[in-house]
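Q: just to be clear, the model below is a prediction. Sequence and coordinates:
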Amino acid sequence: MSDPSNPLGADGVLASLQYPTFRRIWLASLLSNLGILIQGVGAAWSMTQMTSSADKVALVQTALLLPVVLISIPAGAIADMHDRRIVALVSLGITLAGATALTTLAWLDLVTPNLLLVLCFAVGTGMALMGPAWQSSVSEQVPAEALPSAVVLNGISYNIARSIGPAIGGIVVATAGAMAAFALNALLYLPLMVALFLWKRISEPSRLPPEKLSRAIVSGVRYVSNSPSIKIVLTRSMVTGVIGGAIIALMPLVARDLLHGGAQTYGIMLSAFGLGAVIGALNITEVRKRMSGEAAIRACMLAMGGAIAAVALSREPALTAAAMIVAGAVWMMAWALFSIGVQLSSPRWVAGRSLAAYQAAASGGIAVGSWAWGRLTDAAGVQIGLLVSAALMLLSPLLGLWFRMPPISARDEDAEALADPEVRLALSGRSGPLVVEIEYRVPQENARAFHNVMQDVQRSRQRNGAYGWSIARDIADPELWTERFHCPTWLDYLRQRNRSTQSERALDAQAADFHVGPAPVRVRRMLERPFGSVGRKEDAPGRATNKGLPGDCKRAGRHS
């Protein structure tokens, strides 16, 4: 066992920095995040100078985060379908183009409030496309035991930048103007592009062709919708984003209207928030050891509510900064717990799409919340807006009564690939739908326990690609049970049976253990529309051969 007090040990928050590829990319991402925060200060402060509307100021945050909501799911599918390094590089190119355009137009003094929002949206689009590829590639840069450390360190990277970036941004804007902040952001993207270019990613090519984008999106949505643990995390993260987004979206107005300061005051307040986030991240390992996920999230929400209330009531910069440190610490802890929960709940084949769904929920909550808090602030003032946010945050732990955070300690690793079943009918990859029937003989005294296990099997089948699942019991032979499900095509069926994780494979084996009798579990794989759906071309992709294991196997984990 490693020493928890040693940050470089297997359980330490710095453990993943032992791996050169991750360390190089992480350091470059730190500079990139620094640039993003500097640009954020420039954009938000530019908007306060161009308009007095709180709605417009809050929309800067919305413009940066709305692309995550709109394209996260396609971005996640792209990350799972293609080389994640290439996807990240292309995404950075889009972001660099947006930042360069913003710099050029600011230099020409052509930036208007609406144009600023459009270009922030363009920068956000590149980051939204990059996010799933970047985050899901972390598991390729470090071993499984260092993954929680890597997830936390990615959060620390952003918040180290937050702790100094806004202050630097405030100084840059105050001394050289917003254009200098935009230009500095564009330059700081370059180290990350170089680090990703130098990463020699080793990928294991699949023997099956990649899914089409539309099908990959459907697969990702299906997986998330049939994963209770991921759905709980998405719900809690969205609510947290909606309620807590006020503290970031309204911070320029806190600095201007409540503290009567300028760009430097705004930068200092965000720096305090970032400093708190770093403190929170450095303690996340200890929090995970001492508290359950639900208890930790509740504690974070209560502390966050108190901190937001303090910011609303304070007129002293020192007190506001202290409250921001507390808010930053618990904000970081909450998002780290959400992110770790999603990453450890997702197998590799759908990791990008699961993270994309999480990003869409979190960023969507913050984006919608930012707009709503801006409208409320226009009507009632900054203080009222923050006090309402604080009250809702203090009430949010009640969600745990219905959406309790799942206990997750380790990633569920992918199971070994199965050999293809025996095929004697000419099939192409598009042949289908496939119907699979699995017959079990279960003693009547075990009927209830078997049926309960099969409810978990249903979710496993459906999230991996099956549809139309059912379980039936023979009325003339009560010991005979038939599980039945469909897959759209033969190629989809081959994917579905090889997407199982080790725990899902163990669940299949548990179901098969109920089977009794001299004959093994019987499996039938049948083709609906056997003449209208068979591909005509002899060289159609995915064309089956007669190689592989027999279709009937004893264990459900090897026959389904």
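A: Thanks, I have the structure now. Residues are numbered from 1 along each chain as shown.
Q: point to the residue nearest the middle of the protein.
A: Centroid-nearest residue in the chain: residue 355, 2.2 Å away (criterion: C-alpha atoms, centre = their mean).
Q: element containing that residue?
A: Here residue 355, judged by DSSP states H and E, is contained in helix 351-380.
Q: show me what that helix is packed against.
A: Other elements packing on helix 351-380 under the criterion 3 or more C-beta pairs under 8 Å, 6 or more residues apart in numbering; DSSP states H and E are helix 54-81, helix 113-136, helix 213-225, helix 228-244, helix 246-249, helix 317-345, helix 382-395. (C-beta placed from N, C-alpha, C; glycine too.)
Q: contact partners of the following helix or strand past the last one?
A: Using DSSP H and E, the helix or strand that follows helix 382-395 in sequence is strand 434-441. With contacts defined as C-beta atoms under 8 Å, 6 or more residues apart in numbering, strand 434-441 is touched by 450, 466, 479-490, 492-493, 511-512, 514-517, 519, 521-528, 556, 559-560.
Q: did I read that right, residue 16 in a helix?
A: Yes: residue state for residue 16 (DSSP: H, G, I helix; E, B strand; the rest coil) corresponds to a helix.
Q: so it touches residue 22, yeah?
A: Yes: shown here, residue 16 and residue 22 form a contact pair, counting by C-beta atoms under 8 Å, at 5.3 Å.
Q: list residues touching both of those two?
A: Common contact partners of residue 16 and residue 22 (C-beta under 8 Å, 6+ apart): 141-142, 150.
Q: between the residues you listed, which is nearest residue 116?
A: For those, the residue nearest residue 116 by C-beta to C-beta is residue 150; the value is 34.3 Å.
Q: the closest residue to the closest one other than its chain neighbours and residue 33, how far apart?
A: Distances taken as C-beta to C-beta, 6 or more residues apart in numbering put residue 16 closest to residue 150, at 3.9 Å, once the chain neighbours are dropped. With distances taken as C-beta to C-beta, to the nearest Å, residue 16 is found 17 Å from residue 33.
Q: between the two, which has more neighbouring residues?
A: Using other C-beta atoms under 10 Å as the criterion, residue 16 and residue 33 rank with residue 16 on top: 25 against 22.
Q: dump the residue contacts of that one.
A: Per C-beta under 8 Å, 6+ apart, neighbours of residue 16: 22-23, 26, 141-142, 146-147, 149-150, 153.
Q: filter those residues down to the ones in strands?
A: Counting by DSSP state E, no part of the contacts of residue 16 is found in strands.
Q: and those residues as TSV, adding distance to residue 173?
A: Output for the contacts of residue 16, formatted as TSV (distance: C-beta to C-beta, whole Å):
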residue	distance to residue 173
22	33
23	32
26	27
141	35
142	37
146	38
147	38
149	35
150	33
153	29
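Q: closest to residue 119 out of these?
A: Of all these, residue 119 sits closest to residue 26, with 27.6 Å by C-beta to C-beta.
Q: and the pLDDT for that closest one?
A: At residue 26, the model reports a pLDDT of 87.
Q: ok, now residue 212?
A: In this model, residue 212 is scored at 82, pLDDT.
Q: that one: neighbour count?
A: 11.
Q: if I look at it, how far off is residue 502?
A: Applying C-beta to C-beta, the value for residue 212 to residue 502 is 28 Å.
Q: in the sheet, who's paired with residue 437?
A: The residues listed as beta-bridge partners of residue 437 by DSSP bridges are residue 484, residue 524.
Q: what's the distance between it and residue 521?
A: Separation of residue 437 from residue 521 (C-beta to C-beta): 11 Å.
Q: picking that back up, which ones among the contacts of strand 434-441 are found in strands?
A: 480-487, 522-527.
Q: generate a ChimeraX selection restricted to the buried subset of those.
A: Selection of buried members from those for ChimeraX, criterion 16 or more other C-beta atoms under 10 Å:
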select :480,481,483,484,485,486,487,522,523,525,527
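Q: run the chain-centre distance for stretch 214-233.
A: Taking C-alpha atoms, centre = their mean, to the nearest Å, one finds the center of stretch 214-233 at 11 Å from the center of the full chain.
Q: quick one: buried residues of that stretch?
A: 215-220, 222-224, 226-227, 229-233.
Q: now do stretch 144-154
A: 146-154.
Q: got it, and stretch 457-476?
A: In stretch 457-476, counting by 16+ other C-beta under 10 Å, buried: 457-466, 469, 471, 473.
Q: pLDDT on it, on average?
A: In this model, stretch 457-476 has an average pLDDT of 94.
Q: ditto for stretch 40-60
A: On average, stretch 40-60 scores 78.
Q: try stretch 276-290
A: 82.
Q: stretch 304-315 now?
A: Stretch 304-315 shows a mean pLDDT of 95.
Q: got the contact list for it?
A: Contact partners of stretch 304-315, identified using C-beta under 8 Å, 6+ apart, comprise 244, 246-247, 254, 258-259, 319-320, 322-324, 326-327, 330-331, 334, 382-383, 386-387, 389-394, 396.
Q: related to what we said a few turns ago, and the residue nearest to residue 150, how close does it get to residue 358?
A: 20 Å.
Q: cool, residue 453 as well?
A: The value you get for residue 453 to residue 358, if C-beta to C-beta is used, is 29 Å.
Q: okay, these two: which has more neighbours?
A: More neighbours surround residue 358 than the other of residue 453 and residue 358, with 29 against 16 (other C-beta under 10 Å).
Q: wait, that one touches residue 340, no?
A: No: applying C-beta under 8 Å as the test, residue 358 and residue 340 come out as separate, 10.7 Å apart.
Q: neighbours around residue 318, how many?
A: 9.
Q: now residue 308. Nearest residue, chain neighbours left out?
A: That would be residue 390: by C-beta to C-beta, 6+ apart, it lies 4.0 Å from residue 308.
Q: contacting residues for the one you found?
A: Listed by C-beta under 8 Å, 6+ apart, the contact set of residue 390 reads 305-306, 308-309, 312.
Q: try it again at 6 Å.
A: Residue 390 makes contact with 305, 308-309, according to C-beta atoms under 6 Å, 6 or more residues apart in numbering.
Q: likewise residue 472?
A: Counting by C-beta under 6 Å, 6+ apart, residue 472 has contacts residue 482.
Q: just checking, the residue nearest to the centre of the chain touches residue 135?
A: Yes: Residue 355 is within contact range of residue 135, at 4.9 Å (criterion: C-beta atoms under 6 Å).
Q: sorry, back to before: more neighbours: which of residue 437 and residue 521?
A: Applying other C-beta under 10 Å to residue 437 and residue 521 shows that residue 521 carries more neighbours, namely 23 against 15.
Q: quick one: the more buried one and residue 511 touch, right?
A: No: under the criterion of C-beta under 6 Å, residue 521 is not in contact with residue 511, lying 8.8 Å apart.
Q: what sits against residue 94?
A: residue 126 are the contacts of residue 94 under C-beta under 6 Å, 6+ apart.
Q: okay, it: pLDDT?
A: pLDDT, residue 94: 90.
Q: how about stretch 305-320: buried residues?
A: Those would be 305-312, 314, 317, 320, for stretch 305-320 by 16+ other C-beta under 10 Å.
Q: for the stretch 451-560 of the chain, which spans come out with low pLDDT?
A: Scanning the stretch 451-560 of the chain for pLDDT under 70 picks out the ranges 530-560.
Q: kindly recompute the last result at 90.
A: For the stretch 451-560 of the chain, the stretches with pLDDT under 90 are 496-503, 517-519, 528-560.
Q: I am finished for the moment; much appreciated.
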